[in-house]
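Here is the input, now give the coordinates:
(one chain, ligands or ions: 2)
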Amino acid sequence: KIAQLKAREILDSRGFPTVEVDVVLENGCMGRASVPSGKSTGRNEAYELRDEDEGRYRGKGVLKVVEHVQQDILHSIRGMSALDQAAIDDALIQLDGTDNKQRLGANAILGVSLATARAAAKYKNVHLVVHLAEFAGHHLDDLTLPIPMMNVINGGKHADSGISVQEFKLVPHGATKISQAIQMGAETYHALKDLLARQGHRISVGDEGGFAPKLATNEAALQILCEAILAAGYQPGQDISIGLDFAANDFYANGKYHLEGHDWSSDDMIEYCVQLINKFPIVSIEDGLAEDDWDAWPRLTNALKKVRVQCLGDDIFVTNPRIFAQGIQQGIADAILIKPNQIGTLTETVRTMKMAADAGYKTVMSHRSGETTDTFIADLAVATNARQMKSGAPARGERIEKYNQLIRLAEELPDLQLATGLYRFS
Ligand code: PGA
Ligand code: ZN
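Numbering: from 1, shown residues only. Ligands and ions are numbered 1, 2, ... in the order given. Down below sits the predicted model:
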């Protein structure tokens with residue numbers, strides 16, 4: 001039973017505050033979790049509560065969140081069993097009382113939700129991944145390790161590179177073991193750094209640890225990425241392919257996509273995606289259209305299906321079961337990005353993932369651009385059979401901790417295979 005909740009302001013990877021929560025049980029077992037923060041967010045994400053006190057941390061303090069955890073939330077869930085995650089998450093949702101968790105803050109609610117799962121695992125004396133698999137209704141034998149998607153060139157809102165695509169991700173699908181996949185990604189990252197330096201580009205990095213060179217076009221970024229894969233000794237398309245996150249919300253206005261000097265319609269955008277796919281070994285396209293361009297999404301989905309490329313929805317679904325249900329119905333995308341803080345509880349996150357599995361969608365677990373060193377998503381990715389996991393570059397502490405946790409989990413559960421299913425080149 002839950003006896004005590006403690007919360008505190010800690011820093012995230014951008015140097016802004018976020019919340020860390022400790023859930024303490026009556027027998028002294030303690031679970032701790034912290035909450036990440038996005039920058040290129042979907043409009044329908046659960047609400048991230050900030051103090052808005054310009055005198056502290058430019059208004060981004062989370063002292064109200066800390067207070068909500070230690071007052072209201074503690075009073076409402078004290079004495080409840082940490083083993084009943086669904087009941088606790090439901091109590092949090094009821095206590096908040098709003099559609100998007102804006103009263104208590106989704107950051108307050110998610111911190112408690114995740115820390116509860118960790119406390120429950122400790123109480124049961126099992127590894128977190130085992131507890132989460134039980135909660136999600138999966139047998140350990142049925143699980144896989146997610147293929148890492150490593151974001152090595154940062155554009156969009158995550159860097160001042162001027163590149164319009166937000167993320168260029170290495171997808172080492174030719175690996176047979178997670179340690180090998182991570183090695184392939186890291187070696188290519190180093191080769192990319194050398195190439196950029198040799199061509200006179202800067203080698204500073206963006207929010208997710210990928211390089212932020214001032215390249216003129218998306219094609220130039222894809223070109224140098226392919227060169228880096230080769231220079232590292234791998235075959236583009238065979239060993240390592242590329243995933244893109246357009247985060248198209250960020251250059252969509254008045255019904256047009258403003259990209260590299262063009263004012264493109266939805267169908268121009270779709271054609272551009274297919275052109276890039278025909279030129280480069282791309283296996284996954286995330287948010288190729290904006291969240292407000294709902295009607296064009298089925299056309300993008302079909303166009304990508306024809307060329308056997310994964311159509312991944314992030315901002316369009318925001319991990320929300322209600323919104324995702326509409327998307328499934330309308331034939332939008334064939335994979336969904338999963339970010340627990342977009343929806344705010346573990347139970348709702350797992351519900352969305354179950355819907356995905358039932359509808360034949362792949363799931364991709366994801367960090368946020370503002371992160372802590374918490375590794376919860378790595379355990380959750382494995383426990384829920386997510387096929388891929390993106391956690392930024394294979395560099396910087398908050399990014400690598402999730403990948404490193406996959407290496408530890410492969411040791412913990414030695415029978416797990418690396419996931420397959422990026423089907424363009426298979
Ligand atoms: P965010 O970006 O964490 O800044 O929202 C990640 C993404 O768009 O996938
Ligand atoms: Zn995204």
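
ok, now which ones touch the most centrally placed residue in the chain?
By C-alpha atoms, centre = their mean, the mean C-alpha position of the chain lies nearest to Ser366, the distance being 1.5 Å. Applying C-beta atoms under 8 Å, 6 or more residues apart in numbering, we find Ser366 in contact with 314, 337-339, 377, 389-391. Using the backbone N, CA and C atoms, a C-beta is placed for each residue, glycine as well.

Closest to Leu145 out of those residues?
Checking those against Leu145 with C-beta to C-beta, the nearest one is Met389 at 8.7 Å.

who in the stretch 101-250 of the chain is up against ligand 1?
Within the stretch 101-250 of the chain, the positions lying close to ligand 1 (C-beta under 6 Å from any ligand atom) are 166, 245, 247.

ok, and which of the contacts of Ser366 reach ligand 1?
Asp314.

Filter the contacts of Ser366 down to the buried ones.
Burial by neighbour count, judged by 16 or more other C-beta atoms under 10 Å, picks out 314, 337-339, 377, 389-391 from the contacts of Ser366.

Out of these, which sit inside strands?
If you go by DSSP state E, these have 337-338, 389-390 in strands.

Tell me which residue in the chain sits closest to ligand 1.
Proximity of the chain to ligand 1 (C-beta to the nearest ligand atom) peaks at Gly38, 2.9 Å away.

ok now do that residue, which residues does it touch?
For Gly38, the contact set (C-beta under 8 Å, 6+ apart) comprises 45, 339, 341-342, 368-370.

count of neighbours near the nearest residue to Leu92 once chain neighbours are set aside?
Nearest non-adjacent residue to Leu92, counting by C-beta to C-beta, 6 or more residues apart in numbering: Ile109, 4.7 Å away. Neighbour count for Ile109, taken as other C-beta atoms under 10 Å: 31.

same question for the helix or strand where Ile109 lies, mean pLDDT?
Here Ile109, judged by DSSP states H and E, is contained in helix 106-124. Averaged across helix 106-124, pLDDT comes to 99.

Tell me which other helices or strands the helix or strand following that helix touches.
Once the chain leaves helix 106-124, the next helix or strand it forms, by DSSP H and E, is helix 128-136. Using 3 or more C-beta pairs under 8 Å, 6 or more residues apart in numbering; DSSP states H and E as the contact test, the elements touching helix 128-136 are helix 106-124, helix 346-358, helix 376-383.

Those: which one's closest to ligand 2?
helix 376-383 (14.4 Å; C-beta to the ion).

what angle separates the closest one from helix 128-136?
60 degrees (axes from the mean of the first three to the mean of the last three C-alpha atoms, to 10 degrees).

Which residues does helix 376-383 contact?
In this structure, residues lying in contact with helix 376-383 by C-beta under 8 Å, 6+ apart are 33, 114, 117-118, 127-133, 135-136, 138, 143-146, 340, 346, 349, 365-367, 386, 389, 391, 402-403, 405-406, 409, 413, 416.

switch to 6 Å and redo it
With contact meaning C-beta atoms under 6 Å, 6 or more residues apart in numbering, helix 376-383 is reached by 33, 114, 128-129, 132-133, 136, 143, 146, 365, 389, 402, 405-406, 409.

List the buried residues in stretch 353-365.
For stretch 353-365, the neighbour count (16+ other C-beta under 10 Å) marks 353-356, 361-365 as buried.
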